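Trainee: Dropping a prediction and its sequence here:
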Amino acid sequence: MGIESKRPTARGNHLLLAGGHPNQPAARPRRRRRAAFAGRRRRGRRRGSSGGCGMAIECLVLGAGQEVGKSCVVVTIGGKRVMFDCGMHMGYHDHRRYPDFPRVLAAGASDYTAAISCVVITHFHLDHIGALPYFTEVCGYHGPVYMTYPTKALAPLMLEDYRKVMVDHRGEEEQYSYEDILRCMKKVIPLDLKQTIQVDKDLLICAYYAGHVLGAAMIYAKVGDAAVVYTGDYNMTPDRHLGAAQIDRLKLDLLITESTYAKTVRDSKHAREREFLKAVHKCVSGGGKVLIPAFALGRAQELCILLDDYWERMNLKIPIYFSAGLTVQANMYYKMLIGWTSQKIKNSYTVHNPFDFKHVCHFERSFINNPGPCVLFATPGMISGGFSLEVFKKWAPSEKNLVTLPGYCVAGTIGHKLMSGKPTKVDIDKDTHIDVRCQIHQLSFSPHTDSKGIMDLTEFLSPNHVILVHGEKPQMAFLKERIESELGIQCCYPANNESVTIPTTQNLKINATEKFITSCCVDRTENNPQNRSLVFGSDMPEGCNTEGVAEGILLMEKSKAPKILCEDELLHSLGMEKHYVHFEPLHSSRTEEENTVLE
């Protein structure tokens, strides 16, 4: 007969299954830690208790802890260690650009392959993948690396573009070579959406659609009964070229979610689009130039679709330019990977591919000083270097020009300085200063979800615990309070290089002997504290007590199913007889002698 263990508790070296000594009063059940949270769950839903043998999850945040940049979280679950993302920080050019990888090693160890079960990359942005070639080719990790097919296709373009900018244009010391990137990508095992991958006999992972950028995925990881979802970056609302994030309702111990816009609730998409188009049209109508610093993959395509359609409707002849061949290559992949785009594009691309832009053409470096209005998409998106910085130096001193920042910019970048208030001067380095007279617009075209989206996803998945990453500390603190008070779920936001231990529940299916089950059945009406029963389901025989506990012995033998039985059954199965030890009280005369000696 099979039953499910509901709340075993450990005492000393013994595992007591919901029981104390039969001669002791029934112990008051321990409240779950969640009971400490006073907030009610939305729409009156309340979480039921779960039980089982504890197996903690350890979460080591190597990057994106109380900041945005170098996303990297190492989760230990059931003895398996999964590295989620392996990014670099775009705001640093010293040792701080990469996660502190040695922290995953035991003292004196140097083998990363033995220390990490697998690496899973959520998408191709550099703050999530930029350190991967360094980790595999320089640090020497040779274990499995997983990412979706679009990410595997587009990641080498992003990595090589960044390497060329840093080494060829900025003269930095090379961190990894083009050959390192190619060798790294050969180690990658591609994932399909909702494809369950058995990494080994214990660890499985599965990818879910995240929106955000082409190929972005949320990752589900499970060992035994313990399960985690790491969101990476995601968007809970569809846009012009991507759909909204989609995930199954999963039973989770832990949700690790990005929190870039932890306090922001965006207005309607159409209002944001109108504001953007109005600002661009006003600038070019006055003869100005518009610089749109954007990542070559993602926002550039979204905004190009928007501008191309607007130019067609308004019959505008002002040129729209892409910079760099990277964006041209990226568009080729977007055309090939239509299946990962929004439903609207999938339905219409046979008639018209929206990535065949009528009004967008390639930008030559010599065009920088050309007179007349234009719109230019230039990388990188945060003006952290590269061509967008080169153009910004030329165009920023003119009042007629416009710089519009469509997304989030990491602290330390020029984009972040521009968003923090309109500066009149920006220092690039100790020898380079730029007068800023142009217009600065910050528009919320970020592909990240907003605060409402984070709350909606958290409520939908309803995990036991939440860890916030990829956000700024004050906003994270605000969101933590909301999650705890409104959803009644424990939440924390560790800093970089901090480790958090999350208690989990592992349910064991066990068998019970007929004699033990019979011993659980007692008359409900008897008011006797010694009458206890094991609560094992809703189909208990009539007359069985459903309150309290019963005492039995859990027998776990190698290669055999665990079972619960009575004490005399255990002795019989072991071929042993019951032995009694009788204790005699001390004689009173001897006790008096001892007292005399002590005095």
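Mentor: Nice, I can see it. Keep in mind the model is a prediction, meaning the values are calculated, not measured. Numbers count the residues shown, from 1 in each chain.

Trainee: so what's the residue nearest in space to the middle of the chain up against?
Mentor: For the chain, the residue sitting closest to the mean C-alpha position, by CA atoms, centre = their mean, is Y230 at 2.8 Å. For Y230, the contact set (CB atoms under 8 Å, 6 or more residues apart in numbering) comprises V73, V75, F84, D85, V120, T122, M218, I219, A221, I256. Every C-beta, even on glycine, is put in place using the N, C-alpha and C of the backbone.

Trainee: got a markdown table for these, with secondary structure too?
Mentor: Formatted as a markdown table, those follow (DSSP: H, G, I helix; E, B strand; the rest coil):
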| residue | secondary structure |
| --- | --- |
| V73 | strand |
| V75 | strand |
| F84 | strand |
| D85 | coil |
| V120 | strand |
| T122 | coil |
| M218 | strand |
| I219 | strand |
| A221 | strand |
| I256 | strand |
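
Trainee: What score does T458 have for pLDDT?
Mentor: With respect to pLDDT, T458 has a value of 98.

Trainee: surely it meets L255?
Mentor: Yes. Using CB atoms under 8 Å, T458 makes contact with L255 at a distance of 6.3 Å.

Trainee: which neighbours do those two share?
Mentor: Common neighbours of T458 and L255 (CB under 8 Å, 6+ apart) are V466.

Trainee: So between those two, which is more surrounded?
Mentor: Using other CB atoms under 10 Å, the more surrounded residue of T458 and L255 is L255, with 26 against 22.

Trainee: For that one, which non-adjacent residue is closest in space?
Mentor: Ranked by CB to CB, 6 or more residues apart in numbering and with sequence neighbours excluded, the top spatial neighbour of L255 is P463, at 4.1 Å.

Trainee: ok, how many other residues are close to that neighbour?
Mentor: For P463, the neighbour count with other CB under 10 Å is 23.

Trainee: related to what we said a few turns ago, let me see the backbone angles for the residue nearest to the centre of the chain.
Mentor: Phi and psi for Y230, reported as degrees, to the nearest 10, are phi -110, psi 120.

Trainee: For it, list each beta-bridge partner.
Mentor: I219, I256 (DSSP bridges).

Trainee: if I pick C304, what's in contact with it?
Mentor: I320, F322, F357, V360, F377.

Trainee: mind checking the SS state of it?
Mentor: helix.

Trainee: for the one 5 residues further on, same thing?
Mentor: Following three-state DSSP, we place D309 in the helix state.

Trainee: That one and K422: what is the separation?
Mentor: Here D309 is placed at a distance of 30 Å from K422 (CB to CB, to the nearest Å).

Trainee: out of these two, which sits in the more crowded spot?
Mentor: Ranked by neighbour count (other CB under 10 Å), D309 and K422 place D309 first, with 17 against 11.

Trainee: in the stretch 301-450 of the chain, which spans are strands?
Mentor: Using DSSP state E, counting those that start in this stretch, the strands of the stretch 301-450 of the chain run over 320-322, 360-362, 374-378, 402-405, 425-429, 432-435, 439-442.

Trainee: Quick one, which of the ones you listed gets closest to A262.
Mentor: strand 439-442 (17.4 Å; CB to CB).

Trainee: what's the farthest-apart pair in the contacts of C304?
Mentor: Of all the pairs that the contacts of C304 form, the one spanning the most space (CB to CB) is F357 and F377, at 10.7 Å.

Trainee: ok, the two, which is more surrounded?
Mentor: A direct count of neighbours by other CB under 10 Å for F357 and F377 places F377 higher, at 28 against 18.

Trainee: show me what contacts that one?
Mentor: Shown in contact with F377 (CB under 8 Å, 6+ apart): I292, A294, A300, L303, C304, I320, Y321, F322, S323, T327.

Trainee: Kindly reformat the residues you listed as a markdown table containing distance to Q343.
Mentor: A markdown table is the format used below for the contacts of F377 (distance: CB to CB, whole Å):
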| residue | distance to Q343 |
| --- | --- |
| I292 | 27 |
| A294 | 24 |
| A300 | 21 |
| L303 | 20 |
| C304 | 20 |
| I320 | 26 |
| Y321 | 30 |
| F322 | 26 |
| S323 | 31 |
| T327 | 25 |
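
Trainee: hmm, back to that, in a helix, the residue nearest to L255, correct?
Mentor: No. Counting by three-state DSSP, P463 is located in no helix; its state is coil.

Trainee: right, and it touches I247 too?
Mentor: No. The criterion here is CB under 8 Å, and P463 misses it with I247 at 11.8 Å.

Trainee: Give me the common contacts of the two.
Mentor: V229.

Trainee: distance of Y310 from L418?
Mentor: 24 Å.

Trainee: more crowded one of these two?
Mentor: Each of Y310 and L418 has its neighbours counted (other CB under 10 Å); L418 has more, 24 against 17.

Trainee: burial count for the nearest residue to the more buried one once chain neighbours are set aside?
Mentor: In this structure, L418 finds its nearest non-sequential neighbour in I440, 5.2 Å apart by CB to CB, 6+ apart. Residue neighbour count, defined by other CB under 10 Å, stands at 16 for I440.

Trainee: What number of residues are in the vicinity of K358?
Mentor: Neighbourhood size, K358 [other CB under 10 Å]: 11.
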